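> Structure of the sequence below:
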Amino acid sequence: MNSATATATPDRRIRPAGHTVLRPGRGSFLVHRRSVLVAAALGVLLLAAVIAYLCVGEAFVSPAEVVNVLLGKPSPDQLVVGTLRLPRLTVGLLAGLAFGIAGALVQTVARNPLASPDIIGVTHGAGAVTVAAMSFGLVSYTALPYVSVAGGIGAALLVYVFAWRRGMQASRFVLIGIGISVALGSLTQLFLTKGDALVAQQAKVWLTGSLNSRGYEQAAPLAVVLLVAVPAVLWAARAQRSASFDDDTATALGIRLNHVRLGLTALGVVLASMATGATGPVDFVALLAPQIARRLTRTAQIPLLSSALTGALVVVIADLLARRLFSPVELPVGVLTAAVGAPYLMWLIARGRSRSGGTK
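Numbers count the residues shown, from 1 in each chain. Predicted coordinates for the structure are as follows:
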């Protein structure tokens, strides 16, 4: 999950601008210097946001006491920081990491900045199946993240089947995904009207994407999936370059492009679905994070590490504002991310239309 472009290079003379050659042992790797600096800066900003999140609330806690709690030292603010704020923060951090990586992978496969798990139907599929399980009492709440994965995978398969026509065309992939998203959204509303009224109300709150009452119970399965997925993400960081080729170039190079795209998509779907199960559909994080990371690093491929850190930073800041902006009323974090993401999506669409109009 490195933000560096790590590819073996046997010759010192072959060094693209802005890269540094590392030679651990017999191998040699190209590292994009700006990506490393951006990832480091995002890490510092995320640490500052975490401290601010744990300090700010109805009762302000000093940064020194927050550090004491994080280090396991005795503190009078253990209840506020360690019991009330830290578990919720943990879920937000993990979900933001997962959404950031998932968005980067889906946009890489689709080769379209408009593509993200919440746009092409993955989170809607996870949401529809989860709401059905909640409304009809089919499973326990601890099993909801796994139910979400099943729904996300099912939605992704639908998009893949309908979009496939002797290959995967990016525009068709996105348009069919949007259509399936609309259909799944209608199906979700149907489940809400047919289930128990009280549970349906809880499901509506979940659908807005909220970290309220979230804790280690929701964080644990997401953390396990992220840890297990580390080798796959490392592979994905190298496979992104292959996925950016067109079909003819990939065929000439002997690359099984469809296998690479399928692997990247499957990884993104699982991560997005698990994050949705833990927090609900926090819209537009997976859309925003990869594009912000790419613009900061100025790389050809979306840097996975920077995208993950950006996703976590967006979720943490959005939830902090959701808690305090209209205190004592708490907004769902999904409301804040949608308020930022929706105008950005419209700007992307308008920008794409103006470019296509200028080429005519």
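> Please make it C-alpha for all contacts and neighbour counts, starting now.
Noted.
> Low-confidence stretches in the stretch 51-200 of the chain?
Within the stretch 51-200 of the chain, the stretches with pLDDT under 70 are 139-141, 165-170.
> Just the strands from it, written as ranges.
For the stretch 51-200 of the chain, applying DSSP state E, counting those that start in this stretch gives no strands.
> buried set for stretch 224-236?
Buried positions in stretch 224-236, judged by neighbour count with 16 or more other CA atoms under 10 Å: 226, 229, 233, 236.
> And stretch 211-221, by the same measure?
By neighbour count, with 16+ other CA under 10 Å as the criterion, the buried positions of stretch 211-221 are 211-212, 214-215, 218-219, 221.
> List just the nearest of those residues to residue 34.
Nearest to residue 34, judged by CA to CA, of those is residue 219 at 31.8 Å.
> Does that closest one lie in a helix or a strand, and which?
Assessed by DSSP states H and E, residue 219 sits inside helix 216-228.
> Can you name the element that comes right after that helix?
Next element after helix 216-228 (DSSP H and E): helix 230-243.
> elements contacting that next one?
If you count contacts as 3 or more CA pairs under 8 Å, 6 or more residues apart in numbering; DSSP states H and E, helix 230-243 packs onto helix 86-110, helix 257-279.
> and that helix, C-alpha only, in CSV?
The C-alpha trace of helix 230-243 is given here as CSV (Å, rounded to 0.1, in the frame of the first residue of the first chain):
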residue,chain,number,x,y,z
VAL,A,230,-2.3,-5.8,2.9
PRO,A,231,-0.6,-8.3,0.6
ALA,A,232,-3.4,-7.8,-2.0
VAL,A,233,-3.1,-4.0,-1.7
LEU,A,234,0.7,-4.2,-2.2
TRP,A,235,0.0,-6.3,-5.4
ALA,A,236,-2.6,-3.7,-6.4
ALA,A,237,-0.1,-0.9,-6.1
ARG,A,238,2.0,-2.6,-8.7
ALA,A,239,-0.9,-3.8,-10.9
GLN,A,240,-2.3,-0.3,-11.3
ARG,A,241,0.1,0.4,-14.1
SER,A,242,-1.1,-2.6,-16.1
ALA,A,243,-4.7,-1.7,-15.5
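> starting at the chain centroid, how far to that helix?
The chain centre lies 16 Å from the centre of helix 230-243; the measure is CA atoms, centre = their mean, to the nearest Å.
> returning to what we had before: show me the two of the buried residues of stretch 211-221 that sit farthest apart.
212 and 221 (17.7 Å).
> tell me the centre residue of the chain?
residue 99 (0.9 Å; CA atoms, centre = their mean).
> Which helix or strand contains the residue lying closest to it once chain neighbours are set aside?
Closest residue to residue 99 apart from its sequence neighbours, by CA to CA, 6 or more residues apart in numbering: residue 286 at 4.9 Å. If you go by DSSP H and E, residue 286 is part of helix 285-297.
> packing partners for that helix?
Contacts defined by 3+ CA pairs under 8 Å, 6+ apart place helix 285-297 against helix 33-55, helix 86-110, helix 304-324, helix 333-358.
> I'd like the average pLDDT over the last one.
Within the predicted structure, the mean pLDDT of helix 333-358 is 72.
> Could you do the shortest one as well?
Helix 304-324 comes out with an average pLDDT of 94.
> what's the angle between it and helix 230-243?
For helix 304-324 against helix 230-243, the angle by axes from the mean of the first three to the mean of the last three CA atoms, to 10 degrees is 110 degrees.
> Give me the nearest residue to residue 148, chain neighbours excluded.
Nearest-residue entry for residue 148: residue 126, 4.2 Å, with adjacent residues in sequence omitted and distances by CA to CA, 6+ apart.
> isn't residue 212 right up against residue 89?
No - if you go by CA atoms under 8 Å, residue 212 and residue 89 don't touch, sitting 10.1 Å apart.
> show me the residues around the residue lying closest to residue 218 once chain neighbours are set aside that make contact.
Nearest residue to residue 218 in three dimensions, chain neighbours excluded: residue 278, at 5.2 Å (CA to CA, 6+ apart). If you count contacts by CA atoms under 8 Å, 6 or more residues apart in numbering, residue 278 has them with 91, 95, 144-145, 214, 218-219, 222.
> likewise residue 204?
Residue 204 makes contacts with residue 192, as judged by CA under 8 Å, 6+ apart.
> SS state for it?
Using DSSP: H, G, I helix; E, B strand; the rest coil, the structure places residue 204 in helix.
> Check the gap between it and residue 188 for me.
Distance from residue 204 to residue 188, counting by CA to CA, to the nearest Å: 10 Å.
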